[in-house]
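1. Return atomic coordinates for the entry below.
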Amino acid sequence: MVMSAEDAVSTAKRLLEVRKAEQSRLRRISNYMCGKHASVYVPRGARAEYRWLIERARVNILPLVVTVVAQNMYVDGYRPAGRDENAAPWATWQANRMDARQHAIHRAVLTYGAAYAVVLPGTPLPVIRPVSPRRLTALYADPVNDEWPILTVEDEVQNTVSGRRRVVTVMDDSARYRLTGKPDGSQLVLDGEGAVQEHGLGVCPVVRYINSPDLDGDGVLGEVEPLIPIQDQLNMTTFNLLMAQQYAAFRQRWVTGMAPPHDADGNPMEPFKSRVDGLFVAEDADTKFGEFGATDLKGYLDSRESTIRNLSTISQVPPYHLLGQIANLSAEALAAARDGLDGKVDERKSLGGESHEQTLRLAGLAAGDRAAWEDTSAQVVWRDTSARSLAQTVDALGKLVTMLGVPPQELWERVPGVTQTDVERWKKAAEQGDAMHRLNDIIDKQMGTSSGAGPPDDPEGPPVAVAA
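-> Residues are numbered from 1 along each chain as shown. Here you go, the predicted model:
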């Protein structure tokens, strides 16, 4: 049932209040991903040089943690049970450029712990739109077990010719309501004649993606938030390293037995200007020169590397991704180093795959395809991104064909780097090759028959040798 204008406005205001609880946490995560970290301790009266070093002490390693996992997640197809070709909703997926836009969903899920996809009827195909949790909030009756939300609110501030305005979109299982108001959220009203659009899907058309399962209803958790304290430790160690480089790593000289010169105002001056090609000379025989020892930076470097290794352990990202160090590892050693990452990626694929399937089912419903909507056995196909050499993979797949009798066509999609489009093209080429092979066999048989005893309806038949 479609809400009235008054109900839509009151619902929007109530949902905006609900959003405030999570926005500060999401904003903090976004700032850390952008390199806007909490500052190290700054004493009162700190000089500009001190603050200059603070700005350069940030080593933002958190985006790399997200990237390493996201680069192993790519949906390559959507197959009904027992069939090799993609299901009908896959056309909607590709028409909405989701081959590329799926990465935005995966990165948002890994960063914030959740992301959303909005699916609405469209012409000629339904429209799929990924949305960040910083813009959209979904309200569930049971956030743990419910498949569909009861209400969602999408909030943004837009710049228009007439000035800035707040745009709030509310959706339920019947319609979408678009409201506009002042930037502070006051004076919300339905935005014109097309403000209320019924979608007729029977469910609130928003699919939630989550990074980790949550049976307690305490909220989802991304990859970034647990690593923020370690990121702060890394910045602190880097700042101490820069301070040591700036003030203590350079060998400081000292001189005794010499009265310092003074300027015209009577202020003491440094007696020497230290430079590479300079020489310190004193007339007094009692003058002595010396230098202080330089600070060893190895402790700082080791401490920073240890912090990165701790981050690697907690995030399950192999150290060679974060440290940039890799030795001559065998295939077995490399697989062992990636074991934790592979396990994490498999879990994220399992969670994200269910949501992608939900999105594609909803796309089928929005297109009027009831069979696609009711098909709960279809599954998305993930591209294989494991770190294996092509030669080893092909050799293993060849053994499956020869030793276990697996049809070769069923293993083509397991070849690293091969896309679903490549597999379909190979299958068409194989079918055409089989047809040509059969045609050649028929021609060969016909040619063999004509060069032999002759057709059976030939009254004369082949020449016969007669004895004298």
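2. which stretches of the protein form strands?
-> 75-79, 114-120, 127-131, 136-139, 151-160, 163-171, 175-181, 189-190, 196-198, 206-210, 253-256, 288-291, 379-382 (DSSP state E).
3. Export those strands as a markdown table, with columns for mean pLDDT, distance to Trp52 and mean neighbour count.
-> Backbone N, C-alpha and C define where each C-beta goes, glycine included. Shown next, in a markdown table, are those (pLDDT from 0 to 100; distance: least, CB to CB, whole Å; neighbours: other CB atoms under 10 Å):
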| stretch | mean pLDDT | distance to Trp52 | mean neighbour count |
| --- | --- | --- | --- |
| strand 75-79 | 93 | 46 | 21 |
| strand 114-120 | 97 | 38 | 24 |
| strand 127-131 | 97 | 39 | 19 |
| strand 136-139 | 95 | 40 | 22 |
| strand 151-160 | 92 | 34 | 16 |
| strand 163-171 | 93 | 35 | 18 |
| strand 175-181 | 94 | 43 | 20 |
| strand 189-190 | 92 | 50 | 15 |
| strand 196-198 | 94 | 54 | 14 |
| strand 206-210 | 97 | 41 | 23 |
| strand 253-256 | 80 | 24 | 11 |
| strand 288-291 | 82 | 26 | 11 |
| strand 379-382 | 93 | 47 | 19 |
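4. which one of those lies closest to Val415?
-> Closest of those to Val415 is strand 75-79, at 12.3 Å (criterion: CB to CB).
5. Just the residues contacting the closest one, thanks.
-> 85-87, 89-90, 93, 98, 102, 353, 356-357, 360, 378-383, 413, 419-420 (CB atoms under 8 Å, 6 or more residues apart in numbering).
6. any idea of the mean pLDDT in stretch 402-410?
-> Averaged across stretch 402-410, pLDDT comes to 82.
7. neighbours of Ser10, just the number please.
-> 13 (other CB atoms under 10 Å).
8. Just send the strands of the chain back as a markdown table, with distance to Ala282 too.
-> Shown next, in a markdown table, are the strands of the chain (distance: least, CB to CB, whole Å):
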| stretch | distance to Ala282 |
| --- | --- |
| strand 75-79 | 76 |
| strand 114-120 | 71 |
| strand 127-131 | 73 |
| strand 136-139 | 74 |
| strand 151-160 | 68 |
| strand 163-171 | 69 |
| strand 175-181 | 78 |
| strand 189-190 | 84 |
| strand 196-198 | 89 |
| strand 206-210 | 73 |
| strand 253-256 | 7 |
| strand 288-291 | 8 |
| strand 379-382 | 76 |
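9. so which of the ones you listed comes closest to Arg107?
-> Across the strands of the chain, closest to Arg107 is strand 114-120 (CB to CB), at 8.4 Å.
10. Can you list the strands that the closest one pairs with?
-> Strand 114-120 pairs in its sheet with strand 127-131 (antiparallel), strand 206-210 (antiparallel), by DSSP bridges.
11. what angle separates the first one from strand 163-171?
-> Using axes from the mean of the first three to the mean of the last three CA atoms, to 10 degrees, the interaxial angle of strand 127-131 with respect to strand 163-171 works out to 110 degrees.
12. same check, this time on the last one
-> Counting by the same axes, to 10 degrees, strand 206-210 points 90 degrees away from the direction of strand 163-171.
13. ok so, going back, among the contacts of strand 75-79, which are in helices?
-> Among the contacts of strand 75-79, the residues falling in helices (DSSP state H) are Pro89, Trp90, Trp93, Met98, Gln102, Gly353, His356, Glu357, Leu360, Gln420.
14. Surely the second one touches Leu360?
-> This points to Trp90. Yes. Using CB atoms under 8 Å, Trp90 makes contact with Leu360 at a distance of 7.2 Å.
15. Of these two, which one has the most company?
-> Remark: of Trp90 and Leu360, Leu360 carries more neighbours, 29 against 23, as counted by other CB under 10 Å.
16. related to what we said a few turns ago, would you mind putting the ones in helices among the contacts of strand 75-79 into CSV with pLDDT and distance to Phe272 alongside?
-> Below are those laid out as CSV (pLDDT from 0 to 100; distance: CB to CB, whole Å):
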residue, pLDDT, distance to Phe272
Pro89, 96, 79
Trp90, 96, 77
Trp93, 97, 73
Met98, 96, 68
Gln102, 97, 65
Gly353, 96, 71
His356, 97, 70
Glu357, 97, 75
Leu360, 97, 76
Gln420, 70, 73
